[in-house]
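Asks: Next come a sequence and a model predicted from it.
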Amino acid sequence: MTSTHENPTHYADSEVGRLRTVMLHRPGDELKRLTPRNNDRLLFDGLPWVARAQEEHDAFAEALRARDVEVLYLTELLAETLESESARNHAITTGLSGLHLGDTLRTYLSRALRDATPSELAGHLTAGIRNDEVRGGHGLVTSLLASDDFLVDPLPNLLFTRDSSVWVRNRVAITSLAMPARRRETQLTELIYTEHPRFAGSLRIHGWHAEHVEGGDVLLLAPGVIAIGVGERTTPAGVESLARQVFHADLAHTVLAVPIAQERATMHLDTICTLVDVDKIVMYPNVAHTLQAYTVTAADPAAGEDELVLRVGEPRPFLEAAADAMGIDQLHQIDTGLDPVTAEREQWDDGNNTLALAPRVAVAYERNDETNARLEDAGIEVVRIAGSELGSGRGGPRCMSCPVTRDPLPTA
Ligand SMILES: NC(=O)NCCC[C@H](N)C(=O)O
């Protein structure tokens, strides 16, 4: 294993503590699977020019390394994980569990994948397997499926590592993705966190089979305070479940459940707002005044009961509820764009989706001129990256990064 060392500390208690280690996924062959007929189902708005997307992503990774951030690549971690035989067996069994395969084809593919090298297997699990790529083993299912049907779906949204796992203090939450096109991603992140030596012994919360929670909805507003968007992806039951777990493990004292419109433009809370300082948030102004939050805290279990009781407040304006929970006078809002149309365009282009590298330093797509100018006016250093091709999957710097280690912020 060359790219990683064993058992370092993994920890994140905020959005803005100095970023030390991040997991990215360099876009690969899975993006070459996108066609005009499957891109909607696979949650891409267009067909990215893959080589350019890779260049843009390499520049993103380089900008992080230039700030002394350790970059881990999901595919490298996966290939290293698959060196273990138990991990290979598990990955093959779960990867081929779809009922559309049938027993004959499943057995054939399973034998073929057992002969693959770890990096070939990682490639098949991420780029998928098309019917016409199967040589031999022909049976009823392969004959009846169309030649370009996928036997194992590609995972083009692996690019958005934010969504498939979240570190909350020293625990990692394996999320449970709502959209069928993304569900298999968390089988891979779970495998990495279970079997890769770097993560051996990591404590866990949640799981891919649990209520839907996506990482893009989870914002670590401050140590002990977590905002969770509830909308197209994370469900009310998902928030309840995660809140219970973070309280039970003493990872947070307050969860803010934040309803967001169930639309593609606002698929996750981090498409609407992200923190750029301990008390500054870049936010889509068209929703800022209507965004509400339910403040959730834990009460002691009733006598004779084990289960934590969740105390749920009345809905309040999000910015007020957040400032109260964070113990600050005000959470200052920096608007995306100057007028509603620019704001709508820049929100769509992930202007709100920044990745903080430290308090007052954030990575942002260069295309969002007005948002970036407003961030700079507010004293934020903006590290601009290109995203013309990366953006076709509808995610920005925050979506494309899973912080594994950030320096702790002092508790308020
Ligand atoms: N946190 C995020 O907003 N992630 C972006 C996910 C984009 C992806 N194409 C999706 O629809 O899930």
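Replies: Received it, and whenever you're ready, just let me know what you need. Just so you know, these numbers come straight off a predicted model, no measurement behind them.

Asks: looking at it, Val225 is touching Thr254, isn't it?
Replies: Yes: with contact defined as Cβ atoms under 8 Å, Val225 reaches Thr254; the gap is 5.0 Å. The C-beta positions use only the backbone N, C-alpha and C, and glycine is treated the same way.

Asks: and for these two, which residues touch both?
Replies: Between them, Val225 and Thr254 have Ala325 as joint contacts when contacts are counted by Cβ atoms under 8 Å, 6 or more residues apart in numbering.

Asks: I'd assumed Leu219 was in contact with Leu275.
Replies: Yes: the pair formed by Leu275 and Leu219 meets the contact definition of Cβ under 8 Å, at 6.9 Å.

Asks: any residues in contact with both of those two?
Replies: Residues touching both Leu275 and Leu219 (Cβ under 8 Å, 6+ apart): Glu15.

Asks: For the strand ranked longest in the chain, C-alpha coordinates in CSV please.
Replies: Of all the segments of type strand in the chain, defined by DSSP state E, the longest one is strand 292-299. Listed next in CSV are the C-alpha coordinates belonging to strand 292-299 (Å, rounded to 0.1, in the frame of the first residue of the first chain):
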residue,chain,number,x,y,z
GLN,A,292,-37.0,27.1,8.3
ALA,A,293,-35.4,24.7,10.8
TYR,A,294,-36.8,22.4,13.4
THR,A,295,-34.4,22.4,16.4
VAL,A,296,-34.0,18.8,17.7
THR,A,297,-32.4,18.0,21.0
ALA,A,298,-32.3,14.9,23.2
ALA,A,299,-34.2,14.5,26.4
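
Asks: got the buried residues for it?
Replies: Along strand 292-299, these residues count as buried under the neighbour rule (16 or more other Cβ atoms under 10 Å): Gln292, Ala293, Tyr294, Thr295, Val296, Thr297, Ala298.

Asks: Let me have those residues in a markdown table, extended by pLDDT and distance to His332.
Replies: Conversion of these to a markdown table gives the following (pLDDT from 0 to 100; distance: Cβ to Cβ, whole Å):
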| residue | pLDDT | distance to His332 |
| --- | --- | --- |
| Gln292 | 97 | 19 |
| Ala293 | 98 | 17 |
| Tyr294 | 98 | 22 |
| Thr295 | 98 | 20 |
| Val296 | 98 | 24 |
| Thr297 | 97 | 24 |
| Ala298 | 95 | 29 |
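
Asks: Which member of those is positioned nearest Ala53?
Replies: Taking Cβ to Cβ as the measure, Ala53 lies nearest Ala293 of the buried residues of strand 292-299, at 35.2 Å.

Asks: mind listing what the closest one touches?
Replies: Taking Cβ under 8 Å, 6+ apart as the contact definition, Ala293 lies against Ala227, Leu256, Ala257, Val258, Pro315, Arg316, Pro317, Phe318, Ala321, Ala322.

Asks: Distance of it relative to the ligand?
Replies: 19 Å (Cβ to the nearest ligand atom, to the nearest Å).

Asks: same check, this time on Arg111
Replies: When Cβ to the nearest ligand atom is the yardstick, Arg111 and the ligand sit 33 Å from each other.

Asks: tally of neighbours for that residue?
Replies: One way to gauge burial is a neighbour count; for Arg111, by other Cβ atoms under 10 Å, it gives 11.

Asks: Just to be sure, it is in a strand?
Replies: No: following the definition DSSP: H, G, I helix; E, B strand; the rest coil, Arg111 is helix and is not counted among the residues of a strand.
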